[in-house]
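Peer 1: this one's sequence-less:
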């Protein structure tokens, strides 16, 4: 076959192995080459980068190693060079400045190291996209006095050992994506940051730094098209009213007309800071919001029932704050899409919200026709950036540990009301939430019986009712929960025989500790004259029961005697069901990239 006139070759998304084939150099008319998402190893042939004909080169998501070729001449026509998610080592060669036609340069997620002077990239006058994140680089960001800084549209500088905001950002007016996360940026956020690319910025990530506050406040958020805002895991202090969440006119909380109809936020995460005060009521105007996380702050407010009118809200995380009072149903708004709610470690009081349990339809039936992760396929909102998704992540208490879900399956439904002051009975209607995977009501003051309606939750994997004042029997119907892998009713006032068979044969005595009236084969107290519950042999599908998703665990162990907190990070791959709904796996890749030639634009 004569391929000498071949102009475009796409071998991406296969299972190709070995080194990049040498015969590619003979395709002298080739201008577009896709080798991405394979298992290629070895070094990158320098001729691929210097070859005069190739304009678009995609080598991402392979196992390429060695250094970036330094033999780069100025005859190259290369416009796009994508090599993220490989195993490249060494430094970034200064000869990259010879790629005068380059528009997109992506070296994300490799093992590159050394000091890099940003002025190398400033010599590329056509460069619009630069991704250097998640390497071992130290980026020097002071621009030369004679340098003309390109007008970037996308800048990914996460994990580049930055100690401050790069000054060259001052005059960037066309940015759509800015990622400065996981650096060492300290102190106050300068006021000029809020004026960067006011008419174009869609994605802003300042998370995992050492930011303490704002140079001036209150600040009006100027980005009319902002979709993602992530400032979690910093040291921000003060009232939320001084944070640029669309508050205007000082502290009066009024909303400018532009924000009433112009808020495009889908994702907001300000968790793990030291923020105080109340949630800004203006969030209710952001009708596109899917994900809200203000967990692990010092907020003091009642339950934000006014968020119930957000038509797309799926995740609401308010854990570890000072929220208080009863959960009163909103006059309007029912949280129609809510799947995950975490109100744990607050001071909520009163009865469990029966009225909400009756109307949270998204926890009753979840569409399994398309198994994806929350946050995927957001190109409808920002088709012009090469990050095609921002995988939503959260921390929840599951199976007795604090777990960090680095990806959230679109079918996951969970309620965590633990460590509050809820009282009264567990309403029967909660059993209608048949799509729940996790229900945690532990460490409250709940009384009455465990409702047998919980057996309707056929998807339930974790049920924690421990440390309450529940009485009566453990319903035998719960043995029908064939996916239940964690069960805890310890430290209540329960009595009678514990269920047997199926999943209940896997739970040890710790699940029932502190209930002097309980008895069973696995407990110190045997049932005697109690009528034991017969064991039911498992079916084929029940033998394969288990969690349907994979997670990375963040296990936080608290030493009671010395008050020592030890964080242990461990990977734990939980067994999946026979029906493998999820082809993809959980991982620490917070940002995934799009393999499309439309990234040329």
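Peer 2: That came through, no problem. Fair warning: this is a prediction, and the values are worked out from it, not measured in the lab.
Peer 1: List the contacts of the residue most central in space within the chain.
Peer 2: The chain has residue 393 as the residue nearest its centroid, 2.1 Å off, counting by CA atoms, centre = their mean. Counting by CB atoms under 8 Å, 6 or more residues apart in numbering, residue 393 makes contact with 404, 405, 406, 407, 408, 590. Yep, even glycine has a C-beta here, placed from its N, CA and C like the rest.
Peer 1: what about 7 Å?
Peer 2: Contacts for residue 393 (CB atoms under 7 Å, 6 or more residues apart in numbering) come out as 404, 405, 406, 407, 408.
Peer 1: and it, what pLDDT?
Peer 2: Reading off the confidence values, residue 393 has pLDDT 75.
Peer 1: The one 4 residues further on now?
Peer 2: Here, the pLDDT recorded for residue 397 equals 76.
Peer 1: Contacts for whatever helix or strand it lives in next, please.
Peer 2: Here residue 397 is covered by strand 394-398, with elements defined by DSSP states H and E. If you take CB under 7 Å, 6+ apart as the criterion, strand 394-398 is touched by 293, 315, 317, 342, 344, 402-405, 408, 414, 416, 418, 438, 440, 462, 554.
Peer 1: try it again with 6 Å
Peer 2: With contact meaning CB atoms under 6 Å, 6 or more residues apart in numbering, strand 394-398 is reached by 317, 342, 402, 404, 405, 416, 438, 462.
Peer 1: Ranking helices and strands of this structure by mean pLDDT, which lands last?
Peer 2: strand 565-572 (a mean of 26; mean pLDDT, DSSP states H and E).
Peer 1: Can you verify my assumption that residue 209 contacts residue 185?
Peer 2: Yes - between residue 209 and residue 185 there is a contact under CB atoms under 6 Å: 4.3 Å.
Peer 1: Neighbour count for these two, which is higher?
Peer 2: Shown here are residue 209 and residue 185; by other CB atoms under 10 Å, residue 209 has more neighbours (24 against 19).
Peer 1: for that one, what are its contacts?
Peer 2: With CB under 6 Å, 6+ apart, residue 209 has these contacts: 183, 185, 234.
Peer 1: Leaving out the residues flanking it, which one is nearest to the first one?
Peer 2: Think residue 183. Spatial nearest neighbour of residue 183, excluding adjacent residues (CB to CB, 6 or more residues apart in numbering): residue 162 at 4.1 Å.
Peer 1: ok, how many other residues are close to the one you found?
Peer 2: Residue 162, neighbours per other CB under 10 Å, totals 19.
Peer 1: and what of residue 13?
Peer 2: 12.
Peer 1: Give me the secondary structure label for it.
Peer 2: coil (DSSP: H, G, I helix; E, B strand; the rest coil).
Peer 1: now do residue 112
Peer 2: Going by three-state DSSP: residue 112 is strand.
Peer 1: Give me the residues contacting stretch 14-25.
Peer 2: Contacts of stretch 14-25 (CB under 6 Å, 6+ apart): 38, 39, 40, 42, 45, 47.
Peer 1: Leaving out chain neighbours, which residue sits closest to the last one?
Peer 2: Okay, so that is residue 47. Here the residue nearest residue 47, using CB to CB, 6+ apart, is residue 25, at 4.9 Å.
Peer 1: about what we covered before: can you lay out the contacts of strand 394-398 as TSV showing secondary structure and distance to residue 449?
Peer 2: Shown next, in TSV, are the contacts of strand 394-398 (DSSP: H, G, I helix; E, B strand; the rest coil; distance: CB to CB, whole Å):
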residue	secondary structure	distance to residue 449
317	strand	30
342	strand	26
402	strand	29
404	strand	34
405	strand	32
416	strand	22
438	strand	21
462	strand	20
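Peer 1: so where's this structure uncertain?
Peer 2: Applying pLDDT under 70 to the chain flags residues 217-220, 239-262, 330-332, 368-371, 376-391, 529-601.
Peer 1: same thing but at 80, please
Peer 2: Along the chain, segments meeting pLDDT under 80 span 1-2, 50-52, 73-75, 144-147, 216-222, 238-263, 328-333, 366-371, 375-406, 528-601.
Peer 1: Can you give the domain ranges for it?
Peer 2: 1-106, 358-601 (automatic domain parsing).
Peer 1: Arrange those in JSON lines, one row each, with distance to residue 135 as further columns.
Peer 2: Formatted as JSON lines, the domains of the chain follow (distance: least, CB to CB, whole Å):
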{"stretch": "domain 1-106", "distance to residue 135": "9"}
{"stretch": "domain 358-601", "distance to residue 135": "14"}
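Peer 1: between those, which gets nearest to residue 153?
Peer 2: domain 358-601 (7.3 Å; CB to CB).
Peer 1: returning to that earlier point: closest to residue 422 out of the contacts of strand 394-398?
Peer 2: residue 416 (11.9 Å).
Peer 1: wait, the closest one sits on residue 440?
Peer 2: Yes - between residue 416 and residue 440 there is a contact at 4.4 Å, judged by CB under 6 Å.
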